[in-house]
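In: this one's structure only:
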């Protein structure tokens, strides 16, 4: 028996001869799917990385199609750094430790830190956008080791190891064994978050979406969280950018790492944006527009350092 495969649906050719509605159905399926242009190959990724090590995973959430630049690196677990704030915020929202993105969230402890945006009281939205480490360390302590481990296990986050300490397990440091997660695992988790296939309420997921919004410009919206990691000498060597883009009726989940001396999250974000622009998922923007983000009520220098 011969079969015709059309967009993962199999039709018996004999049935097609007997039933005139089958060819019509095939035509409708092809027409419907052709209206949405899927991404091409990640042909510009190598150029976008510009010689940096790292990887990029891009998932078409409608079809499940996965594209990967540097597959070997995409499967290697790394400290999530501040990209863990995505999950940390979700857990805090689900446990009702926070009820909305704009409620008072972080009470500044009076310690002057180098990132000026951290030296003030912050809402969850402001703390997320400023990537305020002390705020999310406090949130993790409120969640506590038992609840945190339960949630980490539920969603299968990386190697699920939080033994380094409740308020540091995602932050790389000399001699510390952090939780590890690969770019592929990060992208898959974002895909599940977007589809609602995670044990969190719609209310919590909707709040997270508000937190993650970075850009809103036709033809698409960009949502994400950055993260940067340093080596034992304190030199930044790892940049993350994890999130998703909504464009032309579809959603694309992604996770990108960039690695090298003096590499931070800004490089990873630039790589993702360049690739998404080349794929037609995001609009091409000039250099000035590319620097724009959702504003935080902080001092102007707050955006100069990304965590």
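Out: All right, it came through fine. Model, not experiment: these values are computed from the prediction.
In: any low-confidence regions in the chain?
Out: The chain contains residues with pLDDT under 70 at 1-41, 285-307.
In: Domain boundaries for it, per the record?
Out: Taking automatic domain parsing as the criterion, the chain consists of the domains 1-35, 38-304.
In: Among the ones you listed, show me which one is buried the most.
Out: Looking across the domains of the chain with neighbours counted as mean count of other CB atoms under 10 Å, the highest average goes to domain 38-304: a mean of 19. No exception for glycine: its C-beta is placed from N, CA and C like everyone else's.
In: got a list of contacts for stretch 58-66?
Out: With CB atoms under 8 Å, 6 or more residues apart in numbering as the test, stretch 58-66 has contacts from 36, 38-39, 42, 57, 67-68, 187-188, 190-191, 194-195, 244, 250-254, 275.
In: again, 6 Å this time
Out: Contact partners of stretch 58-66, identified using CB atoms under 6 Å, 6 or more residues apart in numbering, comprise 38, 67, 187, 191, 194, 250, 251, 252, 253, 254.
In: Tell me which of those fall in strands.
Out: Under the assignment DSSP state E, the contacts of stretch 58-66 contribute 67, 250, 251, 252, 253, 254 to strands.
In: can you list these in a markdown table and add distance to residue 152?
Out: Converted to a markdown table, the ones in strands among the contacts of stretch 58-66 look like this (distance: CB to CB, whole Å):
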| residue | distance to residue 152 |
| --- | --- |
| 67 | 28 |
| 250 | 30 |
| 251 | 25 |
| 252 | 26 |
| 253 | 20 |
| 254 | 22 |
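In: of the residues you listed, closest to residue 52?
Out: Distance to residue 52 across those (CB to CB) is lowest for residue 254, with 16.4 Å.
In: Which strand residues bridge the residue nearest to the closest one when sequence neighbours are not counted?
Out: Nearest non-adjacent residue to residue 254, counting by CB to CB, 6 or more residues apart in numbering: residue 58, 5.0 Å away. According to DSSP bridges, the partner residues bridging residue 58 are residue 67, residue 254.
In: Distance of residue 58 relative to residue 147?
Out: To residue 147, residue 58 is 33 Å away according to CB to CB, to the nearest Å.
In: How about residue 206?
Out: When CB to CB is the yardstick, residue 206 and residue 147 sit 22 Å from each other.
In: again, but for residue 170
Out: Looking at residue 170 against residue 147, where the rule is CB to CB, the gap reads 16 Å.
In: got it, and residue 67?
Out: From residue 67 over to residue 147 the distance is 36 Å, taken as CB to CB.
In: Where does residue 244 fall, secondary structure wise?
Out: When secondary structure is defined using DSSP states H and E, the element that contains residue 244 is strand 236-247.
In: Does anything pack onto that strand? Which helices or strands?
Out: helix 183-195, strand 220-230, strand 250-259, helix 265-278 (3 or more CB pairs under 6 Å, 6 or more residues apart in numbering; DSSP states H and E).
In: Can you name the residues in contact with the longest one?
Out: Outside helix 265-278, the residues within contact range by CB under 6 Å, 6+ apart are 44-45, 48-49, 226-228, 239-241, 245, 254, 256, 258, 282, 284, 306.
In: hmm, 7 Å instead?
Out: Helix 265-278 is contacted by residues 42, 44-45, 48-49, 52, 56, 226-228, 239-241, 245, 254, 256-258, 282-284, 290, 306 when judged by CB atoms under 7 Å, 6 or more residues apart in numbering.
In: for the second one, same thing?
Out: Contacting residues not belonging to strand 220-230 are listed as 79-83, 85-86, 131, 172, 209, 212-215, 236-247, 264-265, 269, 281-282, 306-307 [CB under 7 Å, 6+ apart].
In: Tell me what angle it forms with strand 236-247.
Out: Angular relation of strand 220-230 and strand 236-247 on a 0 to 180 degree scale: 170 degrees, by axes from the mean of the first three to the mean of the last three CA atoms, to 10 degrees.
In: swap in the first one?
Out: Comparing the axes of helix 183-195 and strand 236-247 via the same axes, to 10 degrees yields an angle of 30 degrees.
In: Against which helices or strands is helix 183-195 packed?
Out: With contacts defined as 3 or more CB pairs under 7 Å, 6 or more residues apart in numbering; DSSP states H and E, helix 183-195 has these neighbours: strand 53-60, strand 236-247, strand 250-259.
In: downstream neighbour of that helix in the secondary structure list?
Out: From helix 183-195, the next helix or strand downstream (DSSP H and E) is helix 202-212.
In: and that following helix, what does it pack onto?
Out: helix 85-94, helix 124-129, strand 220-230.
In: out of these, nearest to residue 118?
Out: When the helices and strands packed on helix 202-212 are compared for distance to residue 118 using CB to CB, the nearest one is helix 124-129, at 8.5 Å.
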